[in-house]
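Participant: Model the structure of this input:
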Amino acid sequence: GEGSIARYQIDLKSYTPVTEYQLPDVLLCNDGKVVKNVKQWEKKRRPEIMSIYEQEMYGKVPEKPQGLHFALSCPDEIVYDGKAIRRRVTIWLDAEEKHSFEMLIHLPTKHTGKIPMFVGLNFRSVDNAFDGTRYQWPFEALVDEGFGLAMAFHSSIEPDGSGYKGPSASVRSWYKPAKEWGAISAWVWGLSRMVDYLETLPEIDCSRL
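Facilitator: Numbering: from 1, shown residues only. Alright, predicted model coming up:
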């Protein structure tokens, strides 16, 4: 509507124009040496470029927390006429169990062999993951094809302008080096913790996530 359009109008005159900037040469190392082979690229230049992305864009991603552990939030459910197991898992990020976020998992019951998984974030909380909107993952269709799904609410890891104030707030809001990482790196870090749990399940094919 007109109100929405007006809300996003900006005064371009109030912005300082971006000055001319020369992007770094991809194959020129910080010490001025030119990359001539794969080894130099992998061992030297690529890490230099990744460091630029960490510093200027995504931030640094912390290591796995020492107190990481998992617990079922409630007993497993059999859903979709027996075709899937629905599981809610609390991912505890510290031994004291002060900080956590929740993951929702669907596993097909009739799949033979190890289960390949989709792992992602949702724009609805675990409680509202079945609201039938465009934000909903196609849970039943995935298990029908033999796939599992693990998802978490993105704002429980890092709010995306939503002002989320859940039971544990957000991961990045309390984690010690929060000032050094950004939203995208926080979401990636949270997805990695979800994979940490999946790696504890022998029925999951963690080479196919």
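Participant: how deep is Trp137 tucked in, by neighbour count?
Facilitator: Neighbours of Trp137 under the rule other Cβ atoms under 10 Å: 18. Backbone N, C-alpha and C define where each C-beta goes, glycine included.
Participant: how far does stretch 46-60 sit from the chain's center?
Facilitator: Taking the mean of its C-alpha atoms, stretch 46-60 sits 18 Å from the chain's own mean (Cα atoms, centre = their mean, to the nearest Å).
Participant: Endpoints of that stretch, how far apart?
Facilitator: End-to-end distance for stretch 46-60: 16 Å, by Cα to Cα, to the nearest Å.
Participant: Tell me which residues of it come out buried.
Facilitator: Residues 54, 58-59 are the ones in stretch 46-60 that count as buried (16 or more other Cβ atoms under 10 Å).
Participant: And the contacts of that stretch?
Facilitator: Where contact means Cβ atoms under 8 Å, 6 or more residues apart in numbering, the residues beyond stretch 46-60 that reach it are 24, 26, 29-30, 177, 180-182, 184-185.
Participant: Mind doing that once more with 10 Å?
Facilitator: Identification of contacts with stretch 46-60 by Cβ atoms under 10 Å, 6 or more residues apart in numbering yields 24, 26, 28-31, 35, 40-41, 61, 172, 177-186, 188-189.
Participant: pLDDT averaged over that stretch - what is it?
Facilitator: Model confidence over stretch 46-60 averages 87 on the pLDDT scale.
Participant: Same check on stretch 158-178?
Facilitator: Rounded to a whole number, the mean pLDDT of stretch 158-178 is 61.
Participant: and if you look at stretch 105-119?
Facilitator: 93.
Participant: Kindly check the end-to-end length of that stretch for me.
Facilitator: Stretch 105-119 has an end-to-end distance of 9 Å (Cα to Cα).
Participant: residues of the longest helix seen in the chain that come out buried?
Facilitator: As far as residue count goes, and with DSSP state H defining each element, the longest helix of the chain is helix 183-198. Of all the residues in helix 183-198, those buried under the rule 16+ other Cβ under 10 Å are 183, 185-187, 189-191, 193-194, 197-198.
Participant: Which of the buried residues of stretch 46-60 fall in strands?
Facilitator: Judged by DSSP state E, the subset of those located in strands is empty.
Participant: which strands and helices sit next to the longest helix of the chain?
Facilitator: Packing partners of helix 183-198 (3 or more Cβ pairs under 10 Å, 6 or more residues apart in numbering; DSSP states H and E): strand 69-72, strand 84-92, strand 100-108, strand 117-122, strand 148-153, helix 154-157, helix 171-174.
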